[in-house]
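Colleague: attaching a predicted model along with its sequence, questions to come.
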Amino acid sequence: MKALVIEDTLTSATLVCHQLGKMGLEAVHAKNGEAGIEAFKSERPDLVLLDIIMPGMDGFEVARRIRQLESDGDWTPIIFLTARTSDEDLERGIEVGGDDYLIKPVSEMVLKAKVRAMQRIAQMRSSLLVLTRKLDEANRELTRLSSADGLTGIANRRRFDETLLKEWRRCARDGKPLSLLLIDVDFFKPFNDNYGHQVGDECLKAVARTLAQALNRPSDLVARYGGEEFGVILPDTTESGALAVAEALRGAVQTLGITHRFSEVSPVVTISAGLASTTPQRGDDSGFIALLRRADAALYRAKTEGRNRVVCAPEESVAVGARG
């Protein structure tokens, strides 16, 4: 450990530094408050021993400034060493950031005990911070897992629903359009039945990966909606912009070239998509349900009209200045 001794009296500073050295600590001496602040910034000590009565900046102000210099999560034990004995001085010392308050002259035994106590506190605090970071990482991973589809790794239905409501409210607040795609893998049941579930799973993974890679904005979200069905949320996107995105997604999946000898529309795996767009209205939190129904109806039309295509639901009002 490195200890910073801020003390204007040379004899007292020399004695304290000697005592610290006998404990195995590296002692750094600063002769006044200003020098102590600079030494704290350059040396980053593990412990500060601080006199109160010094020319210029007193110890209370030094302690306050040291606490201001510490970044979030940092903590350096500060022990006041002073001849001032009033309760008011002790209270102020703790108030400005001190951790202990010792009256001069301090015996070597008492100083050693106080320093060791601060070391134990620092070690326990460090262990607690490590544990906290591990818990934070575990919580982030749990959050990620709870919002990710177990098979494909993209967002799951829960995250889709949460994101749709959040974007609905944001677009309503900003007066922006919101578009939604519901996508279905064409003739997936015969693909799964004839090639086997393992191959079917690999097909869904490839389609999910392709859809996610084809989206070019962080705000866009693709999720596994259920089975072989996917949902895509396109905030700030008009119908024309969403149609361009949907066609790009359809083309990207077809370009994968996954053989599908049991499809009635193509020798490779294809998708059908239903598109619905609207400009959400303030106070209408249930309106996104109607948007889902419109997208689902458009998807049904895409399937009944031959599949491997995008069908738009009847157009509603759109806003200017958005993608598309």
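Modeller: Perfect, thanks for sending it. All values derive from a computational prediction rather than experimental measurement. Numbering: from 1, shown residues only.

Colleague: need the contact list for the nearest residue to residue 31 once chain neighbours are set aside.
Modeller: Using CB to CB, 6 or more residues apart in numbering and skipping the chain neighbours, the partner closest in space to residue 31 is residue 8 (5.7 Å). C-beta coordinates here come from the backbone N, C-alpha and C atoms, glycine included. Counting by CB atoms under 8 Å, 6 or more residues apart in numbering, residue 8 touches 31, 32, 51, 54, 55.

Colleague: 6 Å instead?
Modeller: Neighbouring residues of residue 8 by CB atoms under 6 Å, 6 or more residues apart in numbering: 31, 32, 54.

Colleague: can you lay out those residues as CSV showing neighbour count and distance to residue 60?
Modeller: Output for those, formatted as CSV (neighbours: other CB atoms under 10 Å; distance: CB to CB, whole Å):
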residue, neighbour count, distance to residue 60
31, 17, 18
32, 17, 14
54, 23, 10
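
Colleague: columns pLDDT, secondary structure and distance to residue 110 on top of these, output as a markdown table?
Modeller: Below are those laid out as a markdown table (pLDDT from 0 to 100; DSSP: H, G, I helix; E, B strand; the rest coil; distance: CB to CB, whole Å):
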| residue | pLDDT | secondary structure | distance to residue 110 |
| --- | --- | --- | --- |
| 31 | 92 | coil | 24 |
| 32 | 93 | coil | 25 |
| 54 | 90 | coil | 22 |
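
Colleague: let me see the backbone angles for the residue nearest to residue 31.
Modeller: The phi/psi pair for residue 8 (degrees, to the nearest 10) reads phi -80, psi -20.

Colleague: one more: residue 257?
Modeller: Here is the backbone geometry of residue 257 (degrees, to the nearest 10): phi 70, psi 30.

Colleague: quick one, what contacts it?
Modeller: Applying CB under 6 Å, 6+ apart to residue 257 gives the contacts residue 268.

Colleague: repeat that for the one 10 residues further on.
Modeller: Counting by CB under 6 Å, 6+ apart, residue 267 makes contact with nothing.

Colleague: could I get the pLDDT score of it?
Modeller: Predicted confidence (pLDDT) at residue 267: the value is 97.

Colleague: roughly how far does it sit from residue 261?
Modeller: Distance check for residue 267 against residue 261: by CB to CB, to the nearest Å, it reads 7 Å.

Colleague: same check on residue 192?
Modeller: 13 Å.

Colleague: separation between residue 101 and residue 84?
Modeller: 9 Å.

Colleague: which stretches of the protein form helices?
Modeller: Assigned by DSSP state H, the helices in the chain fall at 10-22, 33-43, 59-69, 87-95, 108-146, 157-174, 188-195, 197-214, 239-256, 287-304.
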